[in-house]
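>>> How does the following fold in three dimensions:
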Amino acid sequence: YNLCFFLCLEIQFYDQLLKAVLFCSGSPREYLEYYIFPVLLPGMAELLHQAKKEKCFERKRTKFIACDFLTEWLYNKNPKRKDESFTEFFSIPFVTNWLKDHPRPPIPLSLLLSEEEASIVIQSFWRGYRVRCDSEVQELRQWQKQLREDKNIFKRVKEFWTKQEAKGNLCGLDSSVIHVGM
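Residues are numbered from 1 along each chain as shown. Model (predicted):
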């Protein structure tokens, strides 16, 4: 989805660029060097700084989405928005419109957790596993399982006889007659 979004932005950008170049007296290269690169290159530099902060160069996968960052940066640095306050990526109007029609899949939890949070989760699962492997704990768990099963059997037998007595009362039989035979 990010690629489609970025390509859509690029198409809009190139369409506007083509219109602007047609009205520009110089060559497309001059237009790029004079109008586009002075805005885009600082954005790309800021993108690299942010990618380094997000440890994108150290890991294979991160939650950092470069196209989103660049879109947000360019939107907020737009000279037409000079006096307006900072706008987050998901609050940008054309982004919200795009995401209505093209929703993104959720970011996996492994990318949302910090290293400390992930280590706590992993350590707690490991400690739980090690405790459950202990023979005394396994014996206790087996005893609890057996107790739950036994309670369910008594409960089921009681429910069965309650239903049977209700059926006997509906048929006009006395419930004491049913118990005499047992």
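>>> Low-confidence bits of the chain, can you list those?
Confidence mapping of the chain against pLDDT under 70 gives the ranges 1-26, 153, 169-182.
>>> Have a look at it and report its longest helix.
Ranked by residue count and defined by DSSP state H, the top helix of the chain is helix 135-170.
>>> roughly how far is that one from the heart of the chain?
Mean C-alpha position of helix 135-170 versus that of the full chain (C-alpha atoms, centre = their mean, to the nearest Å) differs by 41 Å.
>>> how about stretch 97-108: buried residues?
Across stretch 97-108, burial judged by 16 or more other C-beta atoms under 10 Å covers Trp98. Where you see a C-beta, it was placed from the backbone N, CA and C, and this is true even at glycine.
>>> first vs last residue of that stretch, how far apart are they?
Stretch 97-108 has an end-to-end distance of 24 Å (C-alpha to C-alpha, to the nearest Å).
>>> thought Phe69 was touching Leu47?
Yes. Contact criterion C-beta atoms under 8 Å: Phe69 and Leu47 qualify, at 5.6 Å.
>>> Quick check: buried residues in the longest helix of the chain?
Gly168.
>>> Where do the strands of the chain begin and end?
Counting by DSSP state E, the chain forms no strands at all.
>>> circling back: helices or strands up against the longest helix of the chain?
Applying 3 or more C-beta pairs under 8 Å, 6 or more residues apart in numbering; DSSP states H and E, one finds that helix 135-170 contacts helix 115-133, helix 175-180.
>>> how much space between Gln144 and Val137?
Gln144 is 10 Å from Val137, where distance means C-beta to C-beta, to the nearest Å.
>>> still on that earlier bit, and the angle for the longest helix of the chain with helix 115-133?
Helix 135-170 and helix 115-133 are oriented at 80 degrees to each other (axes from the mean of the first three to the mean of the last three C-alpha atoms, to 10 degrees).
>>> how much space between the residue nearest to Phe86 when sequence neighbours are not counted and Leu40?
Nearest non-adjacent residue to Phe86, counting by C-beta to C-beta, 6 or more residues apart in numbering: Asn76, 5.5 Å away. According to C-beta to C-beta, Asn76 and Leu40 sit 14 Å apart.
>>> Same check on Tyr75?
13 Å.
>>> returning to that earlier point: quick check, the residue nearest to Phe86 in contact with Thr87.
Yes. Counting by C-beta under 8 Å, Asn76 touches Thr87, with 6.1 Å between them.
>>> residues touching Phe69, list them.
Shown in contact with Phe69 (C-beta atoms under 8 Å, 6 or more residues apart in numbering): 47, 50-51, 89.
>>> What is the burial count for Phe32?
Heads up, residue 32 is Leu, not Phe. Here the number of neighbours of Leu32 (other C-beta atoms under 10 Å) works out to 15.
>>> typo on my end, Tyr75
Neighbours of Tyr75 (other C-beta under 10 Å): 19.
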